[in-house]
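Colleague: Task: produce atomic coordinates for the following.
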Amino acid sequence: MAHWFHRNPLKATAPVSFNFYGVAGSPAANKICNDLRTTRARLLEMFTDVTCTPDIMKNATDAYFSLLQGFILSLDGTTQDNKMRYIQNFKWTDTLQGNTPSAQQDAVFELVSMAFNVALWYTKFASRLAGKENITEAEAKDVHRSLKVAAGIYKNLKEVHIPRLITPAEKGRDLEPRVMDAYIIQCQAEAQEVTIARAIELKHNATLVAALAFETANYYQKADHTLNTLDPEYSSKWRKYLQLKLHFYMAYAYCYHGQTLLASDKCGEAIRSLQEAQKCYSHAEELCKEYRQTKGPGTTAKPSEQLFFLKLGGLIKNTLEKCERENGFIYFHKVPAEAPQLELKASYGLVEPIPFELPPLSEQCSAQVYATFDLTKGAKNDKAKPKEEEVKPVKEPDLKPQKDTGCVVS
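Modeller: Numbering: from 1, shown residues only. Here you go, the predicted model:
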């Protein structure tokens, strides 16, 4: 399943020194600043480390966020903003709009931007794991879980933390509602793809597979519609991916619905359902070509080259031929002019995001230590500051695809 998922690039950020020499008025305060710098740098390294696992990522994330909250949460017993929240400027690029950074002097902006990258890492980890040859059941579960974790992070940021920003997200950039919704829905849809592959592998009944495929196609349609008012220059490629997955899973839904109809001796309707599956599959093939030719950010998936994609084409063809043979010998049913209306609801297997919670505040960030930060002193000017604020693109590892066995879940 190498190159099965489309992935937008990681956000890049400028280094942050947290050098508040004049402000940090105690050794404990200085230690918090030093630990913020080192835990941030460590977390950024993990984004491009191919040996990083979800456990390592969680530990690195918790280490940084437990300290960063010391600059966000109220520590003096009042309802006022933390006095350290606006002391440091943070710069982050965008996953869609290239290397032009946005900057905000707000620790909440840092929290949501970094957490956004953590969620994106989980989706990239899932994609990389899904690309392994002969993926095991345990690894398939990790793919499924990672996508649900990513969806949970995006959902939490959209509902809880992004609304707290003093400066609202610019239109079309990562933190605005349309883009956040698209990421959430895509993660849910891709997690359901794992469920569908599992249901097919274990030969669950056709009704369940058809319903899951239909629900998944609807997710992709919803994600695509969410992006339809964004600038095509940077959203077109992403949308083509969502559209090809929509038609691919509609083909699956009609194919398996046709099997259900045949089992109920509705051969004419089964033939019409399989014909619609063939139509959707051909449309998905065309969209695969358009997707490859469309310029835009992100890695280019190659779904039409995968056995999982190719097998469906063969399944539709063989099932349709079987239905037509049986109709000619046994049923003699008239084939309806209209395709059947799919009103399928899956009773099992629907994906919900795993709720995301920030780690507890670090024990280092006590009210006593907080009181030793004195904003009236002012941080000393850092001569290297212009150099520090430079934002360099993230060099992501170039992972070569392994041989595709067509086995998504074993």
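
Colleague: Nearest spatial neighbour of residue 209, chain-adjacent residues omitted?
Modeller: In space, not counting the residues next to it along the chain, residue 209 is nearest to residue 256; the distance is 4.4 Å by Cβ to Cβ, 6 or more residues apart in numbering. No exception for glycine: its C-beta is placed from N, CA and C like everyone else's.

Colleague: Repeat that for residue 224.
Modeller: What sits nearest to residue 224 in space, not counting adjacent residues and going by Cβ to Cβ, 6+ apart, is residue 242, at 4.1 Å.

Colleague: measure that neighbour to residue 155 for me?
Modeller: Here residue 242 is placed at a distance of 18 Å from residue 155 (Cβ to Cβ, to the nearest Å).

Colleague: For the two, indicate the residue with more neighbours.
Modeller: Neighbour count, other Cβ atoms under 10 Å: between residue 242 and residue 155, residue 242 has more, with 25 against 22.

Colleague: in the helix or strand in which the more buried one is found, what counts as buried?
Modeller: Residue 242 belongs to helix 232-263 when assigned by DSSP states H and E. With burial defined by 16 or more other Cβ atoms under 10 Å, the residues of helix 232-263 counted as buried are 234-262.

Colleague: And stretch 98-117, by the same measure?
Modeller: Applying a neighbour-count criterion of 16+ other Cβ under 10 Å, one finds 101-102, 104, 106-117 buried in stretch 98-117.

Colleague: Could you pull out the helices in the stretch 1-150 of the chain for me?
Modeller: With helices called from DSSP state H, counting those that start in this stretch, the stretch 1-150 of the chain shows them at 27-46, 54-68, 107-130, 137-156.

Colleague: From residue 305, how far out is residue 278?
Modeller: Using Cβ to Cβ, one obtains 20 Å as the distance from residue 278 to residue 305.

Colleague: swap in residue 140?
Modeller: Separation of residue 140 from residue 305 (Cβ to Cβ) stands at 20 Å.

Colleague: ok, those two, which is more surrounded?
Modeller: Per other Cβ under 10 Å, whichever of residue 140 and residue 305 has more neighbours is residue 140, with 23 against 14.

Colleague: That one and residue 198 touch, don't they?
Modeller: Yes. Distance between residue 140 and residue 198: 6.9 Å, which falls inside the contact criterion (Cβ atoms under 8 Å).

Colleague: which non-adjacent residue is nearest residue 108?
Modeller: With Cβ to Cβ, 6+ apart as the measure, residue 164 is the residue that lies nearest to residue 108, at 5.2 Å, once sequence neighbours are left out.

Colleague: do you know how far the one you found is from residue 111?
Modeller: From residue 164 across to residue 111, the span is 9 Å (Cβ to Cβ).

Colleague: What ranges does the chain have for its strands?
Modeller: For the chain, the strands defined by DSSP state E cover 90-92, 102-104.

Colleague: Present the ones you listed as TSV; the columns should include distance to residue 68 and mean pLDDT.
Modeller: Written out in TSV, the entries for the strands of the chain read as follows (distance: least, Cβ to Cβ, whole Å; pLDDT from 0 to 100):
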stretch	distance to residue 68	mean pLDDT
strand 90-92	10	96
strand 102-104	14	94
